[in-house]
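Asker: Predicted model and sequence below, questions to follow.
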Amino acid sequence: MPSRKEMISDSLFWVQIIAAIVLCGSQFFCFLETTKGQLLAMFLVMEGYFFLNLLLSVSAHTERPSRATGQLMGTYILWLALIGSNIAAIFINGSYEWNQNDTSIAVLAIVGTVALVVVAKLKGLGLQDPMLKSLLGILFKTVPQLIMAYEITQRGGAGIPAAAIVAGHVTSLIRIGQVLFALFESGRDRNRIWLCVSETGNEVSWMVVTIVWLVV
């Protein structure tokens, strides 16, 4: 019989899985019809975000194995696959045209990555440091979503279904809950702390996207 803590951890995990499939599934079929309001570069960079968070969860699990961190690893692996399917849908649609905002995201991601790595080196931090991974993750998720908000003001948000907006918050908040549960379950190591920072940055920027989507 699972303990109360295990039941909570399992509940967060399975709700996350279901919400992620709803979000990316709705986007997949929507993208087959229209990509209006979308940014391909955002999805490409988003893969980097989930990969970095996967690395943080793997490091956290290696340092202090727990049920919660094991589920976090599964969560991020699923997200990598689902976002990959959304990218595939955009290519299958065939109507998407790379635009200035895509270029802005790509340039900012590259320049930001170089800047963060240089600063980390000057501060004596290695490439495997949790703080660097977290800050890169925030860069890869926050900047594209803020540019996405600007894109919506310019082109509209018809390509973003309401289910995607709602599920985006649900999945983000649940992941924050999963990380917090991992913190309380096995202690406050730097991987768990910076993973929480990364997820919080994502939620804040998605709130901006939501407000713009509602207004426009």
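Answerer: In hand now; what should we look at?

Asker: Residues touching stretch 164-181, excluding its own?
Answerer: If you take C-beta atoms under 8 Å, 6 or more residues apart in numbering as the criterion, stretch 164-181 is touched by 5, 8-9, 12-13, 15-16, 19-20, 22-23, 26-27, 30, 68, 71-72, 75, 192, 195-196, 199-200, 202-203, 206-207, 209-210, 213. Yep, even glycine has a C-beta here, placed from its N, CA and C like the rest.

Asker: wait, I meant stretch 186-199
Answerer: Contacts with stretch 186-199, where a contact means C-beta under 8 Å, 6+ apart, come from 49, 52-53, 56-57, 59-60, 63-66, 68-69, 72, 130-131, 133-134, 137-138, 141, 172, 175-176, 179-180, 182-183.

Asker: in the helix ranked longest in the chain, what's buried?
Answerer: Secondary structure of the chain per DSSP state H: the longest helix is helix 4-33. For helix 4-33, a neighbour-count test (16 or more other C-beta atoms under 10 Å) marks 8-9, 12-13, 16-17, 19-20, 22-28, 30-31 as buried.

Asker: For residue 133, which non-adjacent residue is spatially closest?
Answerer: Sequence neighbours aside, residue 52 is the residue nearest to residue 133 in space, at 4.8 Å (criterion: C-beta to C-beta, 6 or more residues apart in numbering).

Asker: What count of nearby residues applies to the one you found?
Answerer: A count of nearby residues for residue 52, using other C-beta atoms under 10 Å, gives 25.

Asker: Within the helices and strands, which one has it?
Answerer: Residue 52 belongs to helix 40-63 when assigned by DSSP states H and E.

Asker: Quickly note the distance from the residue nearest to residue 133 to residue 82.
Answerer: 17 Å (C-beta to C-beta, to the nearest Å).

Asker: Please apply the same query to residue 55.
Answerer: Taken as C-beta to C-beta, the span from residue 55 to residue 82 is 18 Å.

Asker: what does residue 169 give?
Answerer: Per C-beta to C-beta, residue 169 is found 16 Å from residue 82.

Asker: can you check residue 117 too?
Answerer: Using C-beta to C-beta, residue 117 is found at 28 Å from residue 82.

Asker: Which one's more surrounded, the two?
Answerer: In this view residue 117 and residue 82 are compared by other C-beta under 10 Å, and residue 82 has more residues nearby, 18 against 14.

Asker: Quick one, grab the pLDDT at that one.
Answerer: Looking at residue 82, its pLDDT is 96.

Asker: Report the contact partners of it.
Answerer: Going by C-beta under 8 Å, 6+ apart, residue 82 touches 20, 21, 23, 24.

Asker: pLDDT and distance to residue 98 added to those, as TSV?
Answerer: Below are these laid out as TSV (pLDDT from 0 to 100; distance: C-beta to C-beta, whole Å):
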residue	pLDDT	distance to residue 98
20	89	27
21	90	28
23	81	24
24	88	22
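
Asker: which residues in this structure form helices?
Answerer: Here the chain has its helices, by DSSP H, at 4-33, 40-63, 67-93, 100-122, 130-155, 162-186, 190-215.

Asker: Give me the mean pLDDT for the fifth one.
Answerer: Across helix 130-155, the average pLDDT comes to 89.

Asker: can you check the last one too?
Answerer: In this model, helix 190-215 carries a mean pLDDT of 94.

Asker: again, but for the shortest one
Answerer: Per-residue confidence for helix 100-122 averages out to 93 on the pLDDT scale.
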